[in-house]
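>>> Any chance you can model this:
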Amino acid sequence: MSKKTKQKKTEQKISPSMFERLNQKKIVGVCFLIVFITLLVFYKPFVFEKLEPSGGDRIGSIGKTHQYTQYNKTTGETALWNPNIFCGLPIYYNLNSNAFHIDKLISALDSVIDWRIGWFIVGAIGMYLLIQMLGFPWYYSLLGAIIFLFFPHFQ
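Below is the predicted model:
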């Protein structure tokens, strides 16, 4: 009878890739910088030339706002309902509140950077952090944040 000999399995050590060896804190800063530069380059007309997209929603919004501002001027009351849009819509959500939220921060920064760009920055950072929290590597997170910037949200 022959003896069975156990063969030792040698494990191959896989060295981490170049991307995985980088400092994670520096990577996050560089990723946010890349996203910000991509945003500025892609949306240059909005950021530097102060151009605005036009669309049917914007024109409809001007008409909707006109109706209840005229009502407020003639009656002196604050309108809470606009009966002229889609068989009636509430408008009390437009009233200013004293609670702090991200809308007020972005509106305050409107003199520095356009509000659309502010929302894109918030969205890209959120997308980056979401993909990181799902456990993907940083380069997938960066790619996801940049892809998010190319979605035409406001058109």
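>>> switch to C-alpha atoms for all contacts and neighbour counts from now on
Noted.
>>> burial count for residue 112?
The local packing of residue 112 (other C-alpha atoms under 10 Å) involves 11 other residues.
>>> what's it sitting at in phi/psi?
The phi and psi values for residue 112, taken as degrees, to the nearest 10, are phi -90, psi -50.
>>> Show the model's pLDDT score for it.
The score at residue 112 is 75. That number is its pLDDT.
>>> got it, and residue 144?
What the model reports as pLDDT for residue 144 is 90.
>>> How about residue 108?
Looking at residue 108, its pLDDT stands at 77.
>>> Can you tell me which helices and strands the host helix or strand of it packs against?
For residue 108, the host element (DSSP states H and E) is helix 102-108. Secondary-structure packing of helix 102-108 (3 or more C-alpha pairs under 8 Å, 6 or more residues apart in numbering; DSSP states H and E): helix 115-133.
>>> Go through the helix it packs on and flag the buried ones.
115-118, 120-121, 124-125, 127-129, 131-132 (16 or more other C-alpha atoms under 10 Å).
>>> repeat for stretch 136-154
138, 139, 141, 142, 144, 145, 146, 148, 149.
>>> and the residues you listed as JSON lines, adding distance to residue 76 and secondary structure?
Below are the buried residues of stretch 136-154 laid out as JSON lines (distance: C-alpha to C-alpha, whole Å; DSSP: H, G, I helix; E, B strand; the rest coil):
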{"residue": "138", "distance to residue 76": "55", "secondary structure": "helix"}
{"residue": "139", "distance to residue 76": "56", "secondary structure": "helix"}
{"residue": "141", "distance to residue 76": "51", "secondary structure": "helix"}
{"residue": "142", "distance to residue 76": "51", "secondary structure": "helix"}
{"residue": "144", "distance to residue 76": "49", "secondary structure": "helix"}
{"residue": "145", "distance to residue 76": "47", "secondary structure": "helix"}
{"residue": "146", "distance to residue 76": "48", "secondary structure": "helix"}
{"residue": "148", "distance to residue 76": "44", "secondary structure": "helix"}
{"residue": "149", "distance to residue 76": "43", "secondary structure": "helix"}
